[in-house]
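Enquirer: could you work out the structure for the sequence below:
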Amino acid sequence: MSLPRQLRDESDYEQLPEDVAVSAHIADVEERSGFTVYYTFVIEVKTKGGSKYFIYRRYSQFFTLHAKLEQNYGPENGVTPYICSLPPLPAKIFVGNKKDIAEGRIPLLNAYMKGLLSSPVWVLLDEDLRIFFYQTTFDSERIPRALRRLRPPTRKIKKNSQHISDMERPRAEALFDFKGNAAQELNFKSGELIYLLSRVNKDWLEGTVADRVGIFPQSFVRIIKDLPEEKFPVSWLRCYFHDYDRCHIRDISLEEDVKKLPTYNELLELIRTQFPGIDVALNMKDADGDLIRILDNSDMELLYTRGKKKTHKENFFSWELHVTHCEDLDMYSNRAGENSHTT
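Expert: Numbering: from 1, shown residues only. Sure thing, here's the model as predicted:
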């Protein structure tokens, strides 16, 4: 069987829609806090139509995508003629510093994405692949925190597009002349007023002067009215801590999808950080309101299943967690939730 034609074949390339990703590379990694500390890759994607944008993906999402593509097109499971050789994905690493692991994966994942986006047309049109490289609303609302390897794109601001007065707009006064060394950087002179558009990272801002738009170092300006504080989507996990004499209610903020179910070890690690110095045990309530200790991932599945049947607040996980002292076995003969108060 001959090798399938690749993306570089001009006739295949013309079949692709304008919004299909044709190149992607990692600009940076960002630390995030969820059930455990993890790192996301900041990826700049370019489409066939010339659009560029950022997406944020975890290694686990690469792993899930690769498994689906192997299932659909790999030589062991694919269906002729839709079979091709997919690029190798960097293997999982279970031991080591998470940040070092993430940094070390950057060149390997760049090579993986390059190989993936050079696949036959039927792979590039695969729904799972297109969703992976699609910029979600969540992606578009986030601003890369530290672009060490890439300058961010800038925007063109139309005249009269601002519906607020100049006095209400975030702005800064230039303290020194600044002449950038790249096309994306904003040139200005001392004393000029710069209207702020976004915060690129802790050292750089994006702004506009006389219809020119670009980025510049914050140290060159005096902030008159700052940008609003950046807000990331937050989910909440309601946790009941049954102390020896009373029950405290604690809402834990996480940068996680409320549909995600952590493993038992991930959840235990999170709760230990919330209650330092306490040997904690994880629990759920049964139908009668009594506590049942959670011991493994099968219990986590039961916790999640029961939680789906209950109503819950927006941005809250559907399941509620009950935490006890590990040695306090008396809790299992008492009703949970008595004498509760919120801390």
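Enquirer: before we move on, what SS does residue 305 have?
Expert: Counting by DSSP: H, G, I helix; E, B strand; the rest coil, the backbone at residue 305 sits in helix.
Enquirer: what residue spans form the domains of this structure?
Expert: 10-141, 166-225, 235-342 (automatic domain parsing).
Enquirer: all strands for this structure, in order.
Expert: 21-33, 37-47, 52-57, 171-174, 193-199, 204-209, 212-217, 221-225, 235-242, 247-254, 280-285, 291-293, 321-325, 340-342 (DSSP state E).
Enquirer: ok, which of those comes nearest residue 120?
Expert: Nearest to residue 120, of all the strands of the chain, is strand 21-33, at 13.5 Å by Cβ to Cβ. No exception for glycine: its C-beta is placed from N, CA and C like everyone else's.
Enquirer: got the angle between the closest one and strand 37-47?
Expert: 160 degrees (axes from the mean of the first three to the mean of the last three Cα atoms, to 10 degrees).
Enquirer: list the strands paired with strand 21-33, with their directions.
Expert: strand 37-47 (antiparallel) (DSSP bridges).
Enquirer: buried residues in the partner strand?
Expert: 38, 39, 40, 41, 42, 43, 44, 45, 46, 47 (16 or more other Cβ atoms under 10 Å).
Enquirer: mind checking pLDDT for the residue nearest to the last one when sequence neighbours are not counted?
Expert: The reference is to residue 47. Nearest residue to residue 47, sequence neighbours excluded (Cβ to Cβ, 6 or more residues apart in numbering): residue 19, at 5.3 Å. pLDDT, residue 19: 87.
Enquirer: residue 126 is in contact with residue 71, isn't it?
Expert: No. Taking contacts as Cβ atoms under 8 Å, residue 126 lies outside contact range of residue 71: 10.9 Å.
Enquirer: looking at the two, which one has more neighbours?
Expert: residue 126 (18 against 12; other Cβ atoms under 10 Å).
Enquirer: how close does that one get to residue 18?
Expert: 17 Å (Cβ to Cβ, to the nearest Å).
Enquirer: where are the low-confidence patches of the stretch 201-343 of the chain?
Expert: 201-202, 229-233, 309-312, 333-343 (pLDDT under 70).
Enquirer: show residues contacting stretch 87-102.
Expert: Defining contact as Cβ atoms under 8 Å, 6 or more residues apart in numbering, one finds that stretch 87-102 is touched by 29, 31, 37-39, 41, 59, 62-63, 66, 105, 108-109, 111-112, 114-116.
Enquirer: distance from the chain centre to it, please.
Expert: Put simply, stretch 87-102 sits 17 Å off its chain's centre (Cα atoms, centre = their mean, to the nearest Å).
Enquirer: quick one: terminal-to-terminal distance for it?
Expert: Using Cα to Cα, to the nearest Å, the end-to-end distance of stretch 87-102 comes out at 19 Å.
Enquirer: any buried residues in that stretch, and which?
Expert: So stretch 87-102, judged by 16+ other Cβ under 10 Å, has buried residues 89, 90, 101, 102.
Enquirer: tell me the mean pLDDT for it?
Expert: Taken as a whole, stretch 87-102 carries a mean pLDDT of 84.
Enquirer: what ranges do the helices span in the stretch 51-200 of the chain?
Expert: In the stretch 51-200 of the chain, the helices defined using DSSP state H, counting those that start in this stretch lie at 59-73, 98-116, 121-124, 127-133, 137-141.
Enquirer: packed most tightly, which of those helices would that be?
Expert: helix 121-124 (a mean of 19; mean count of other Cβ atoms under 10 Å).
Enquirer: geometric centre of this protein: which residue is closest?
Expert: Centroid check for the chain by Cα atoms, centre = their mean gives residue 56 as the closest residue, at 5.0 Å.
Enquirer: and that one, what are its bridge partners?
Expert: According to DSSP bridges, beta-bridge pairing links residue 56 with residue 42.
Enquirer: do you know the pLDDT at it?
Expert: So residue 56 comes in at 92 (pLDDT).
Enquirer: do the one 5 residues further on as well
Expert: According to the model's per-residue confidence, residue 61 sits at a pLDDT of 92.
Enquirer: surely it and residue 132 touch.
Expert: Yes. With contact defined as Cβ under 8 Å, residue 61 counts as touching residue 132 (6.8 Å).
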